[in-house]
Structure formats: C-alpha cells, structure tokens
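K.L.:
coords please:
(one chain, ligands or ions: 1)
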Amino acid sequence: MGGIEFLKGHGTQNDFVLLPDAAGRLELTEARIAALCDRQRGLGADGVLRIVRATALDVPSAGEWFMDYRNADGSIAEMCGNGVRVFARYLVDAGLATEGEFVVGTRAGDRPVVVHPDRTVTVEMGPATITGTSVTVVAGRPFSGVAVDVGNPHLVSLLDDDVADLDLRDQPDFDHDFFPHGVNLEFVNRLGEGALRMRVHERGVGETRACGTGTVAAVAAAFHLAGTDTGASTVDIPGGRVSVTVSRGGSTLSGPAEIVARGELDEAWWAAAAS
Ligand SMILES: N[C@@H](CCC[C@H](N)C(=O)O)C(=O)O
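P.N.:
Below is the predicted model of the structure:
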C-alpha cells in the first residue's frame, strides 16, 4: 500500500492540510488531526480538509464532494469559509470539478462556489444571522459584541482602538452559557465606507491570519450596528484581503485560494499518531 496523499494549501494565509479520501477510508482521530496540524511535530496547519464523496459519508448534498473540516485541535466545525475556497481550488486543479460554478457539501449545508480564471473563488455562504449580544474579555479587558451565526458561531466586537494592539495569544474569555459549543471571536476596526480591518481568535485553533466565516460575520455585524442588513465590504486580515457581501437571505465571500505543496505522509508516523 502507498503512503497517504496530502496537499498543503491556504486562503489568505488560513492554512490547511488537504487529505484526498474519496471513499472515506481514512480514520481521522482527534489525535491524528492535532498531530498533523502541529507546526513542530507535524506538517502544521490551522485545520484539515478531507476531500470525500458525499455518498461515502452518506450526507445529503446536491454536490459530489463533501468538505470534512477539522480544527487544529482535532475538533469538528460546521463550516470554514477559507477552507471551502481552498477545497474548490483543489477540486479544479485535480480535474474533479470544472472551473466555474459547482456545489460543495459542508456540515452547515451546501455551499455553491464559483472558481474564477484568476484563481480567486467566490462562495455563497448562506445567511449570516444576528443572534444577540454578548461580551468577551481579552487580557482582562471586556469588549461587547454582536453574536452572528454563519453556520458556525461568532462574536464580533467593533473597536475604536486599533485591533493591532490586542494581545490574542491566550484564549479570550466568553460567556459559556451563550456559546455552549465555543465561539470564534472577531475584533474589528472600521477603515471607512465599505472597508473593515479584522483580527480573529478561532475556536479550536487560536489566532489565525484569516477566517472566512469570521469576515462574513464581521461585515454582517458592522452593517447591523449601522442599522441595515445589506451591503458590501472588503475585510483586511493579517493574511490579505477578502470581499464580502451580505443581504437578508445570504452572503458571499470572495478571495484567493492556493495549493502550495503535495506529498505523502509517512505510514509509520500516521499509525503512531492515531492516539
Ligand atoms: N477558518 C475558518 C473557520 C474554521 C472553523 C472555526 N474555527 C470554528 O470552530 O467554527 C473560516 O475560514 O471560516
């Protein structure tokens, strides 16, 4: 038997290990995912994208391929906006989908994508639903925020102070009753009309250089606080820039997606990393 194929890719520097596994044969334990994503003892990544046929996992989807996404700590999340772009990029590069429009299945539901000739990808992200308000505490400082559901949970705090000055090395505190399954925390500055800057502390990962669902949540929260639910904005994150639109029934995310490497995992390492 050959080794286990992997690829490495990123979307605005939110980086992923991709595991092509059409038939769903790989045993993805939490320990294996955490080892793969570890930047010292593994390949290093913010998360893992398993490329599996929807039928192999028996999940309902209008699309052929399902994005089985895992966070770097091995936890399962419903959705990953940057991950969907990288996933779509892989499918086209591998000849498993044709450039243009197709559907990717995710735990949050089907996500129509358009892979453009310039290597950017647009994803229909579904509705960004405002679910209330809550508070997060960063290094002893409380910040109130708008809770937004983009298939996964977010709390967006708009700040007057420069987000660059926040210390996000430790897990910020949050209301565990409001977010019983954890939350992704976005900290946002308005840069002007239709332009935001954001940093993020992701559930199951830590600070990352971009979060696609987080940018959609940030734009939805910013428009909500301005008294509207429709509009378009760029979002600058440490890893680059994405474009987001939100409307009452849906949202879109556009940005780059790159595959940077491919190879084979060592089988003995894979076996030892199982637990
Ligand atoms: N980086 C992702 C979000 C990944 C999932 C998140 N950490 C969660 O647990 O909900 C994105 O680009 O959306």
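K.L.:
Figure out the helix or strand that Val86 lives in.
P.N.:
According to DSSP states H and E, Val86 maps onto helix 81-93.
K.L.:
elements contacting the helix or strand that comes right after that helix?
P.N.:
Remark: after helix 81-93, the chain's next helix or strand is strand 100-106, criterion DSSP H and E. Counting contacts by 3 or more CB pairs under 8 Å, 6 or more residues apart in numbering; DSSP states H and E, strand 100-106 packs against strand 65-71, helix 81-93, strand 109-115. C-betas here are computed from N, CA, C, even on glycine.
K.L.:
looking at those, which is closest to the ligand?
P.N.:
Minimum separation from the ligand across these (CB to the nearest ligand atom) falls at helix 81-93, 3.5 Å.
K.L.:
out of the helices and strands packed on strand 100-106, which comes closest to Ala261?
P.N.:
Among these, the nearest to Ala261 by CB to CB is helix 81-93 (12.1 Å).
K.L.:
Return the distance of the residue positioned nearest the centre of the chain relative to the ligand.
P.N.:
A centroid search over the chain (CA atoms, centre = their mean) returns Cys80, at 2.8 Å, as the residue closest to the centre. Distance check for Cys80 against the ligand: by CB to the nearest ligand atom, to the nearest Å, it reads 4 Å.
K.L.:
what sits against that residue?
P.N.:
Asn14, Gly47, Leu49, Met67, Tyr69, Thr106, Asn152, Gly212, Thr213 (CB atoms under 8 Å, 6 or more residues apart in numbering).
K.L.:
backbone phi and psi for the first one, please?
P.N.:
Per-residue torsions, Asn14: phi -90, psi 110 (degrees, to the nearest 10).
K.L.:
in this structure, which spans are helices?
P.N.:
30-37, 54-57, 81-93, 212-225, 267-272 (DSSP state H).
K.L.:
Tabulate the ones you listed (JSON lines), appending mean neighbour count, distance to Leu191 and mean pLDDT.
P.N.:
Converted to JSON lines, those look like this (neighbours: other CB atoms under 10 Å; distance: least, CB to CB, whole Å; pLDDT from 0 to 100):
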{"stretch": "helix 30-37", "mean neighbour count": "21", "distance to Leu191": "31", "mean pLDDT": "98"}
{"stretch": "helix 54-57", "mean neighbour count": "16", "distance to Leu191": "39", "mean pLDDT": "96"}
{"stretch": "helix 81-93", "mean neighbour count": "27", "distance to Leu191": "20", "mean pLDDT": "98"}
{"stretch": "helix 212-225", "mean neighbour count": "27", "distance to Leu191": "11", "mean pLDDT": "98"}
{"stretch": "helix 267-272", "mean neighbour count": "12", "distance to Leu191": "44", "mean pLDDT": "96"}
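K.L.:
Just put these in a markdown table and tack on distance to Pro20.
P.N.:
As requested, those are arranged in a markdown table below (distance: least, CB to CB, whole Å):
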| stretch | distance to Pro20 |
| --- | --- |
| helix 30-37 | 14 |
| helix 54-57 | 12 |
| helix 81-93 | 8 |
| helix 212-225 | 21 |
| helix 267-272 | 14 |
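K.L.:
Out of the ones you listed, the one nearest Leu18 is which?
P.N.:
helix 81-93 (5.6 Å).
K.L.:
re earlier: looking at the helices and strands packed on strand 100-106, spot the one closest to Val200.
P.N.:
helix 81-93 (10.8 Å).
K.L.:
Off-centre distance for that closest one?
P.N.:
Offset of helix 81-93 from its chain centre (CA atoms, centre = their mean, to the nearest Å): 11 Å.
K.L.:
and the stretch 151-275 of the chain, which of its residues are near the ligand?
P.N.:
Counting by CB under 6 Å from any ligand atom, the stretch 151-275 of the chain comes close to the ligand at Asn152, Asn184, Glu202, Arg203, Gly204, Val205, Thr208, Cys211, Gly212, Thr213.
K.L.:
ok, so of those residues, who is nearest Ala261?
P.N.:
Minimum distance to Ala261 across these is 19.1 Å, recorded for Thr208 (CB to CB).
K.L.:
wait, doesn't the closest one sit right on Asp46?
P.N.:
Yes - contact criterion CB atoms under 8 Å: Thr208 and Asp46 qualify, at 5.0 Å.
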